[in-house]
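J.: generate coordinates for the sequence data below:
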Amino acid sequence: MTSLASGQLSRAVLIGVSSFTDPDLYDLPSVTNNVDTLHGMLTHPDWWGIPLENCARIKDDVSAQRVRELLREAARSAEDVLLVYYAGHGLPLDPDDLVLATTHTRQKSPRDSGVPIDDIRDVFLSSRARTRVLVLDCCYSGRALERLRLDKATATLASV
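T.: From the prediction side, this is the model:
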């Protein structure tokens with residue numbers, strides 16, 4: 001018999017980037033609502049019931065440094081499930097590379113202030129969580145699938 005994932009032993013990081021300082025990147029106002037709704041569902045006691053302190057939510061003024069900090073912290077402490085959700089702009093580089101935009105990312109040089117998908121891969125590979133889930137709600141998310149090449153304990157959902 002399989003048991004449900006433990007909210008106490010799991011961690012979630014919800015990242016929603018809805019506004020951008022680069023005029024070449026248009027704002028995504030619905031992202032904030034998506035992150036808030038998902039947070040409410042994950043922490044609701046009748047559903048997963050993950051404790052509030054185990055479900056980090058970052059939105060509005062999002063920096064790459066803060067994203068990396070939250071991801072590393074969650075990866076270190078997750079024992080059952082590590083869930084990472086990103087909604088925002090995905091910026092393509094090489095045919096199989098992707099950068100997740102943050103508030104101050106420049107479309108012409110995304111790697112300088114965005115979060116390269118390789119950073120996500122490294123965090124997932126360092127985690128001792130039994131199950132790891134990555135949800136990418138952004139353009140070009142399919143590029144991450146080949147780049148990640150993670151093990152069987154990891155599921156990646158891409159909105160391609």
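
J.: show me the shaky parts of the chain.
T.: Residues of the chain that meet the criterion pLDDT under 70 lie in 1-3, 146-147, 149-160.

J.: where do the helices sit along it?
T.: If DSSP state H is used as the criterion, the helices of the chain fall at 30-43, 64-77, 110-113, 117-126, 142-148.

J.: any chance of the ones you listed in CSV with mean neighbour count and distance to Val135 as columns?
T.: In this view, the C-beta of every residue, glycine as well, is placed from N, C-alpha and C. Below are the helices of the chain laid out as CSV (neighbours: other Cβ atoms under 10 Å; distance: least, Cβ to Cβ, whole Å):
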stretch, mean neighbour count, distance to Val135
helix 30-43, 17, 9
helix 64-77, 17, 14
helix 110-113, 17, 20
helix 117-126, 19, 11
helix 142-148, 19, 11
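
J.: Ser18 is nearest to which of these?
T.: For those, the distance to Ser18 is smallest for helix 30-43, at 4.0 Å, taking Cβ to Cβ.

J.: who's in contact with the closest one?
T.: 12, 14-18, 47-52, 55, 57, 59-60, 83, 85, 87-88, 137 (Cβ atoms under 8 Å, 6 or more residues apart in numbering).

J.: report the buried members of those.
T.: The neighbour-count criterion (16 or more other Cβ atoms under 10 Å) marks 12, 14-18, 48, 50, 55, 57, 59, 83, 85, 87-88, 137 among the contacts of helix 30-43 as buried.

J.: nearest to Gln65 among those?
T.: Among these, and counting by Cβ to Cβ, the member closest to Gln65 is Ile15, at 12.8 Å.

J.: isn't the closest one up against Val84?
T.: Yes. In this structure, Ile15 is within contact of Val84 by Cβ atoms under 8 Å, at 7.4 Å.

J.: touching, Leu70 and Ala56? I think so.
T.: Yes. Under the criterion of Cβ under 8 Å, Leu70 makes contact with Ala56 at 4.8 Å.

J.: need the overlap of contacts for those two.
T.: Val13.

J.: nearest to Asp27 among the buried ones among the contacts of helix 30-43?
T.: Nearest member of those to Asp27, counting by Cβ to Cβ, is Ser18, at 6.1 Å.

J.: nearest residue to that closest one other than its sequence neighbours?
T.: Of all residues not flanking Ser18 in the chain, Val31 sits nearest, at 4.0 Å (Cβ to Cβ, 6 or more residues apart in numbering).
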